[in-house]
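Undergrad: Structure here, sequence nowhere to be found:
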């Protein structure tokens, strides 16, 4: 059974800087988030709510007071000076003395990938503490039992130096190069960390159009607003408005409004990536945010499909358009409702949390069947991002309504597949 991590400690390194220089250092932001707040959010994203910000030298007292006053505020974190804790007895850290719990310690200027930190937190120390190393050198990360806090703090204090033989082999765990985003000790390093954060926004599940077109534009938008006050959830609401405006134009049925609606629908598809990108690089992801992104995307799509078919029916008067519209909307609504039930069971709001949407992490574990290949091909070719690009080109020639047959057949096929494929 993995350990229960009951608290996290962010350890300030001894920098030898003046108080003003220290304050500037910890105030500097990385992709819109001040460094100390980023580390606190990282721990919170891994399920840790009890966070201690630990100063290691007496001169840190002024810095901790600056943080307490709000200039470098870290919401929810308690501020502790190590010199005031003497030998740092476990009982002096509330909740850390739990017999069943462990404590994670992270250097304030060492930035790790969220998934990598979550994996590290599943480590059960076989010694009083487990230190993490990269290429034989101590990394700014350790997991400790309550009785191993002093050793773990010492490990963090010597991060970057070689791990010698004073530690038992089972007390040292290795990190991959990809686990570490970087050490925020210079402007050049911070620029590299930010670049790695943005590269991490590209997903292996991205469709063809997203990978080769949409993601370039959405990342450019995200980079331009990452230091603004705009939140990911606000982007989701803006994107919903774009989708509904696209539907309103498409409902008119004539050439120019449908073309304008298709163009706005493509913009909606691009901006759909912005909220997730901001949430990832700012560490603002939440289940509420996932649901807002999913719901805004689905509402916009259903509204556009219904409006496009209704507009064609109003223009032509042909009952076939009405039937195609009704079947398309109902089939797609049925698909999302089934997925909503599965997401509710998982406690998530992102469709990608369902196993059907995730490619096998280790393809070599089993032979890839013909069914796997068909599903992979269909996932790549029939993804919504590619469909919307094709729809835009079709609108140039006045053919957009005819493409409703694609989401109609696709949704009906998905409903059938849901009866035989289990996540």
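TA: Yes, it's here. Bear in mind that the values here come from a model prediction, so they are computed numbers and not experimental data.
Undergrad: Just give the nearest non-adjacent residue to the spatially most central residue of the chain, would you?
TA: Closest residue to the average C-alpha location of the chain: residue 280 at 3.6 Å, with CA atoms, centre = their mean. Nearest residue to residue 280 in three dimensions, chain neighbours excluded: residue 201, at 5.7 Å (CB to CB, 6 or more residues apart in numbering). The C-beta positions use only the backbone N, C-alpha and C, and glycine is treated the same way.
Undergrad: Wait, residue 34 touches residue 108, no?
TA: No - in this structure, residue 34 is not within contact of residue 108 by CB atoms under 8 Å, at 11.1 Å.
Undergrad: These two - which one has more neighbours?
TA: residue 108 (24 against 17; other CB atoms under 10 Å).
Undergrad: Contact partners for that one?
TA: 10-13, 26, 35-36, 39 (CB atoms under 8 Å, 6 or more residues apart in numbering).
Undergrad: again with residue 268
TA: 239, 242-243, 246, 300.
Undergrad: switch to 10 Å and redo it
TA: Going by CB atoms under 10 Å, 6 or more residues apart in numbering, residue 268 touches 238-247, 296-297, 300-301, 304, 388.
Undergrad: from memory residue 171 sits against residue 128, does it?
TA: Yes - with contact defined as CB atoms under 10 Å, residue 171 reaches residue 128; the gap is 8.2 Å.
Undergrad: follow-up on the earlier one: neighbours around the residue nearest to residue 280, how many?
TA: 19.
Undergrad: which residues of this protein score low on pLDDT?
TA: In the predicted model of the chain, residues 1-6, 14-26, 56-101, 123-125, 163-170, 355-382, 419-423 satisfy pLDDT under 70.
Undergrad: Show me the strands in it, by range?
TA: Using DSSP state E, the strands of the chain run over residues 4-11, 29-30, 33-34, 51-55, 77-81, 101-107, 110-112, 129-134, 137-144, 172-174, 180-183.
Undergrad: tell me the contacts of the residue nearest to the centre of the chain?
TA: Here residue 280 is in contact with 31, 114, 197-198, 200-201, 203, 222, 232 (CB under 10 Å, 6+ apart).
Undergrad: Tell me the one among these nearest to residue 158.
TA: Closest approach to residue 158 among these (CB to CB): residue 114, at 24.9 Å.
Undergrad: what sits against residue 229?
TA: Residue 229 touches residue 32, counting by CB under 10 Å, 6+ apart.
Undergrad: sorry, back to before: so which of the contacts of residue 268 belong to helices?
TA: 238-247, 296-297, 300-301, 304, 388 (DSSP state H).
Undergrad: Buried ones among those?
TA: By neighbour count, with 16 or more other CB atoms under 10 Å, the ones in helices among the contacts of residue 268 hold 238-240, 242-247, 296-297, 300-301, 304, 388 as buried.
Undergrad: With respect to residue 259, which of the residues you listed is nearest?
TA: Ranked by distance to residue 259 (CB to CB), those are led by residue 246 at 10.9 Å.
Undergrad: Roughly how far does that closest one sit from residue 411?
TA: As judged by CB to CB, to the nearest Å, residue 246 and residue 411 stand 19 Å apart.
Undergrad: Kindly report the domain assignment for this structure.
TA: 4-191, 201-420 (automatic domain parsing).
Undergrad: Name the residues of stretch 114-130 that are buried.
TA: 114, 116-117, 119-121, 123, 125, 127, 129-130.
Undergrad: again, but for stretch 312-323
TA: Neighbour-count burial for stretch 312-323 [16+ other CB under 10 Å]: 312-313, 321.
Undergrad: What's the local residue count around the closest residue to residue 343 other than its chain neighbours?
TA: Excluding its sequence neighbours, the residue lying closest to residue 343 (CB to CB, 6+ apart) is residue 349, at 5.8 Å. Neighbours of residue 349 under the rule other CB under 10 Å: 19.
Undergrad: Use 50 as the first number for this chain going forward.
TA: Done: numbering now begins at 50, and the last item shifts to residue 398.
Undergrad: What values do phi and psi take at residue 398?
TA: Here is the backbone geometry of residue 398 (degrees, to the nearest 10): phi -130, psi 10.
Undergrad: State the distance from it to residue 351.
TA: 17 Å.
Undergrad: Can you lay out the buried residues of stretch 163-179 as a markdown table showing distance to residue 266?
TA: Formatted as a markdown table, the buried residues of stretch 163-179 follow (distance: CB to CB, whole Å):
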| residue | distance to residue 266 |
| --- | --- |
| 163 | 25 |
| 165 | 29 |
| 166 | 30 |
| 168 | 32 |
| 169 | 35 |
| 170 | 36 |
| 172 | 40 |
| 174 | 46 |
| 176 | 50 |
| 178 | 46 |
| 179 | 43 |
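Undergrad: Right, I'll call it a day here.
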